[in-house]
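**Student:** Sequence and predicted structure are below.
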Amino acid sequence: APSADAEAALLHLGGRGAGANGEEGGGEEGSGEAGGEAAAEALAGLVGEALAASRVVEGLVAAQQEDCLGAAGALAVLRGQCELPLSAEEEEELAPAEPRPGEPRLGELRRPEACSLLRRYLLAASASDVSLMVTLAAETLAAETLAAETLAAEAPGGEVADSAAPSAAPSPVWAGASGWLRLEAGLYARVALFDADHKPLGKVLEHARRDVAAARAWLELVGSLGAGLPV
């Protein structure tokens with residue numbers, strides 16, 4: 001059965017905060033708020049456990065580490081391969097930095113190497129802008145276990161539809177096909193990845209402009225904060 005923390009998290013997820021005494025809506029004034037905070041903390045722990053067990057985050061981090069250029073470097077590589085619609089001000093603001101001794105100029109790379117670096121940058125950018133959905137579900141009764149295993153046997157290729165409920169003792173076929181993970185709290189979780197579309201090449205210039213605007217805003221803020229400080 002789910003642990004007490006897991007049950008509290010599910011109650012919180014359903015909008016039914018438990019009181020500090022363990023009874024829904026019970027306890028003195030403020031106990032419901034305290035119970036809600038504890039349930040929210042337990043829920044965050046369950047979500048974190050699900051993400052770690054699914055290894056989705058690990059895969060995203062590995063993809064993000066493919067980039068070795070950054071937005072400014074990617075723009076320098078791209079400018080060496082084609083003409084970009086830059087204003088006179090942007091030409092100055094987005095000018096490539098001078099390479100360190102022994103390093104090649106990014107704007108002078110050969111086409112194959114430039115394309116490879118730009119692909120890696122866009123892969124990392126895509127992995128940095130995704131949506132994750134974590135579904136939590138309690139264990140079900142033996143009847144639902146039998147229903148899930150029946151679905152597994154009847155589905156083409158032994159696969160189960162995503163709508164199938166997790167079972168208390170899922171069969172190996174069903175567990176692998178559905179993607180449900182058993183958590184220590186006695187719950188099941190499934191992690192889905194959304195909005196993972198590949199970034200187009202035009203994002204390189206957009207990201208470089210964004211970084212310049214962010215740096216300018218930061219410098220203006222620091223300047224305004226330091227204007228009244230004694231020298």
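**Tutor:** Yes, it's here.
**Student:** right, and the helix or strand after whatever helix or strand Leu193 lives in?
**Tutor:** Applying DSSP states H and E as the criterion places Leu193 in strand 187-194. Next in sequence after strand 187-194, counting helices and strands by DSSP H and E, comes helix 203-226.
**Student:** Return that next one as PDB; C-alpha atoms alone will do.
**Tutor:** Provided in PDB are the C-alpha atoms of helix 203-226 (Å, rounded to 0.1, in the frame of the first residue of the first chain):
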ATOM      1  CA  LYS A 203      17.300  30.000 -33.600                       C
ATOM      2  CA  VAL A 204      21.000  30.700 -33.500                       C
ATOM      3  CA  LEU A 205      20.600  34.400 -34.300                       C
ATOM      4  CA  GLU A 206      17.500  34.600 -32.100                       C
ATOM      5  CA  HIS A 207      19.500  33.100 -29.100                       C
ATOM      6  CA  ALA A 208      22.400  35.500 -29.700                       C
ATOM      7  CA  ARG A 209      20.100  38.500 -29.800                       C
ATOM      8  CA  ARG A 210      18.500  37.300 -26.600                       C
ATOM      9  CA  ASP A 211      21.800  36.900 -24.800                       C
ATOM     10  CA  VAL A 212      22.900  40.400 -25.800                       C
ATOM     11  CA  ALA A 213      19.600  41.900 -24.600                       C
ATOM     12  CA  ALA A 214      19.900  40.000 -21.300                       C
ATOM     13  CA  ALA A 215      23.500  41.200 -20.800                       C
ATOM     14  CA  ARG A 216      22.500  44.800 -21.600                       C
ATOM     15  CA  ALA A 217      19.600  44.700 -19.200                       C
ATOM     16  CA  TRP A 218      21.800  43.300 -16.400                       C
ATOM     17  CA  LEU A 219      24.500  45.900 -16.900                       C
ATOM     18  CA  GLU A 220      21.800  48.700 -16.800                       C
ATOM     19  CA  LEU A 221      20.400  47.200 -13.600                       C
ATOM     20  CA  VAL A 222      23.900  46.900 -12.000                       C
ATOM     21  CA  GLY A 223      24.600  50.500 -13.100                       C
ATOM     22  CA  SER A 224      21.400  51.800 -11.600                       C
ATOM     23  CA  LEU A 225      21.900  50.000  -8.300                       C
ATOM     24  CA  GLY A 226      25.500  51.200  -8.000                       C
END
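**Student:** Could I get the pLDDT score of Leu109?
**Tutor:** Predicted confidence (pLDDT) for Leu109: 92.
**Student:** ok, it touching Gly80?
**Tutor:** Yes: between Leu109 and Gly80 there is a contact under Cβ atoms under 8 Å: 6.2 Å. C-betas here are computed from N, CA, C, even on glycine.
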